[in-house]
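In: quick one, what's the 3D model for this:
(one chain, ligands or ions: 3)
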Amino acid sequence: MPGDGVGPEVTREALRILAEAGQRFGFAVASEEFLIGGSAIDAFGTPLPEATAIACLESDAVLLGAVGGPAWDDLHGDLRPEAGLLGLRRTLGVYANLRPVTVPDFLAGASPLRREVVAGTDMMIVRELTGGIYFAEPKGPVEGTQGAEALNTMRYSEAEIERIAHVAFTWARRRRCRVTSVDKANVLEVSQLWNDVVTQVHSAGYSDVELEHLYIDNAAMQIVRRPSDFDVVVTANLFGDILSDLAATLPGSLGVLPSASVGGSTGLFEPVHGSAPDIAGEGKANPVAAVLSAAMMLEELGETDAAAAIREAVSETLSGGVRTADMREEGCRLVSTEEMGACIADHVRQAASKEHKVGAAA
Ligand code: NAD
Ligand code: IPM
Ligand code: MN
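Out: Ligands and ions are numbered 1, 2, ... in the order given. You can find the predicted model right below:
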């Protein structure tokens, strides 16, 4: 689903690279396009048409660009483009949103933070995605005693916290065996439950993993101050949304952060960024986040070599100094969205022809 704003621009490049990887690794990606968000509102009057939801449920995986934009900003509640995306996440049941943030050496200079602070960053934000304040009832506008009021409810069940904690600990075991659970347990009852349940899950089965708890305000500061200390960060829906945009300052741009939402019937793969209305339609958007989301999709579908090849092609492209405007550095070659996609595709292809040559020589 291309969605709105820069969504179509970046998913086009992701599809191009999926096709290229398929050529090299011997699979084909059969894809169909559906409307979601603002474009679906314009066409059908709803941000999540039934045909879109059904197609997603029937697919092996869903790739999404972004939704929303100024054209739909006056809409409220379930009529907003964003409600379409939230509805889709719930429909698919993808409660675990994985948002990896890495800063390879060749990107350390692109960060607004000092190179020595961000170098070596390799964290995985595990964001709870289908609960918390985004969904719980009651919510909405209410009649107050002194005019209009509105409310949302931050609510979690033990079961919802348990399952996301298992995801975090399992990921930590594949990485550096460290989990930071982020909450606001010094103030919020819902966070006290979060903290207790994460601690219980930890002591019941993950004694090999180190667990620490941080309050969200402090966590935001520590992630900027000493990012390379973090391994897996597990947190509630709203806190994870905020921390992942904050973490974009580490590699220097939101345009390189991918995500995978899993745990449900079908995986949903989308960049962390939004529809970037300020640059939409100008060919300036960085397609790397969408391309890396497609790589996470292939990883999830079992095409691990193809996923690794895409990540490698992105690294070669960026380390070669090819940059979209969001990551411009002195001496770089400034390119458009499409040129960036073409460059990554070339690297996927060239690696394949090198393999053939090696094969032929042998
Ligand atoms: P945004 O992520 O769209 O943009 C924030 C800033 O980052 C902008 O300056 C933008 O130009 C830049 N940026 C984002 N993606 C980029 C890319 N690929 N390449 C280069 N620069 C990029 O956030 P926003 O401006 O707060 O929101 C705009 C709209 O997008 C809103 O309607 C919002 O609800 C929606 N949104 C959607 C998603 C999603 O679909 N997953 C995520 C976030 C925001
Ligand atoms: C994200 C976005 C979404 C969210 C919006 C568009 C619903 O900001 O994926 O990070 O808040 O989850
Ligand atoms: Mn967000």
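
In: what lies in contact with stretch 156-168?
Out: Stretch 156-168 is contacted from outside by 95-96, 126, 128, 130-132, 179, 181, 190, 193-194, 197-198, 201-202, 232, 234, 236, 263, using C-beta atoms under 8 Å, 6 or more residues apart in numbering. Backbone N, C-alpha and C define where each C-beta goes, glycine included.

In: of those, buried ones?
Out: 95-96, 126, 128, 130-132, 179, 181, 190, 193-194, 197-198, 201-202, 232, 234, 236, 263 (16 or more other C-beta atoms under 10 Å).

In: so of the residues you listed, which ones are in strands?
Out: 96, 126, 128, 179, 181, 232, 234 (DSSP state E).

In: so I17 is in which element?
Out: Here I17, judged by DSSP states H and E, is contained in helix 7-25.

In: give the other helices and strands that the helix or strand following that helix contacts.
Out: Scanning forward in sequence from helix 7-25 by DSSP H and E, the next helix or strand is helix 38-44. For helix 38-44, the contact count by 3 or more C-beta pairs under 8 Å, 6 or more residues apart in numbering; DSSP states H and E identifies helix 81-92 as packing neighbours.

In: V197 and A136, how far apart?
Out: Using C-beta to C-beta, to the nearest Å, V197 is found at 16 Å from A136.

In: next: L214.
Out: 23 Å.

In: what parts of this structure come near ligand 1?
Out: Counting by C-beta under 6 Å from any ligand atom, the positions of the chain adjacent to ligand 1 are 6, 10, 66-69, 82, 85, 254-255, 270, 273-279, 285-286, 289, 326.

In: show the buried residues in those.
Out: Applying 16+ other C-beta under 10 Å to the residues of the chain next to ligand 1 flags 6, 10, 66-69, 82, 85, 254-255, 270, 273-277, 279, 285-286, 289, 326 as buried.

In: what about ligand 2: which of those residues touch it?
Out: With the criterion set as C-beta under 6 Å from any ligand atom, the members of those near ligand 2 are 68, 82, 85, 274.

In: so the spatially closest residue to F135 that is not a sequence neighbour versus A83, what's the distance?
Out: Leaving aside its sequence neighbours, F135 sits nearest to R90 (C-beta to C-beta, 6 or more residues apart in numbering; 6.8 Å). Distance, R90 to A83, using C-beta to C-beta: 10 Å.

In: the more surrounded of these two?
Out: Comparing R90 with A83 by other C-beta atoms under 10 Å, the one with more neighbours is A83, at 20 against 17.

In: residues of the stretch 251-362 of the chain that sit close to ligand 2?
Out: Selection of the stretch 251-362 of the chain residues close to ligand 2 by C-beta under 6 Å from any ligand atom yields 272, 274.

In: what residue ranges in the stretch 251-362 of the chain score low on pLDDT?
Out: 358-362 (pLDDT under 70).

In: one more pass at 80, please.
Out: Within the stretch 251-362 of the chain, the stretches with pLDDT under 80 are 351-362.

In: which parts of it are helices?
Out: Counting by DSSP state H, counting those that start in this stretch, the stretch 251-362 of the chain has helices at residues 288-300, 304-319, 337-361.

In: any idea which of these is most buried?
Out: Neighbour counts (mean count of other C-beta atoms under 10 Å) averaged over each of these peak at helix 288-300, with a mean of 26.

In: need the residues that contact that one.
Out: 10-11, 13-15, 17-18, 21, 61, 63, 65, 98, 254-260, 262, 267, 269-273, 304, 306-308, 310-311, 314, 318, 324, 340-341, 344.

In: stretch 131-141 too?
Out: With C-beta under 8 Å, 6+ apart as the criterion, stretch 131-141 contacts 77, 86, 90, 95, 148-157, 160, 190, 236-238.

In: try stretch 234-245
Out: Applying C-beta under 8 Å, 6+ apart, the external contacts of stretch 234-245 come out as 97, 99, 101, 125-135, 154, 156, 164-165, 167-168, 179-184, 190-191, 194, 198, 216, 219-220, 223, 233, 254, 257, 259, 272.

In: going by neighbour count, list what's buried in the helix or strand harbouring M124.
Out: Here M124 sits within strand 122-128, counting by DSSP H and E. Buried residues in strand 122-128, counted by 16+ other C-beta under 10 Å: 123-128.

In: does ligand 2 sit close to it?
Out: No - using C-beta under 6 Å from any ligand atom, we find that strand 122-128 stays clear of ligand 2, coming within 8.2 Å at best.
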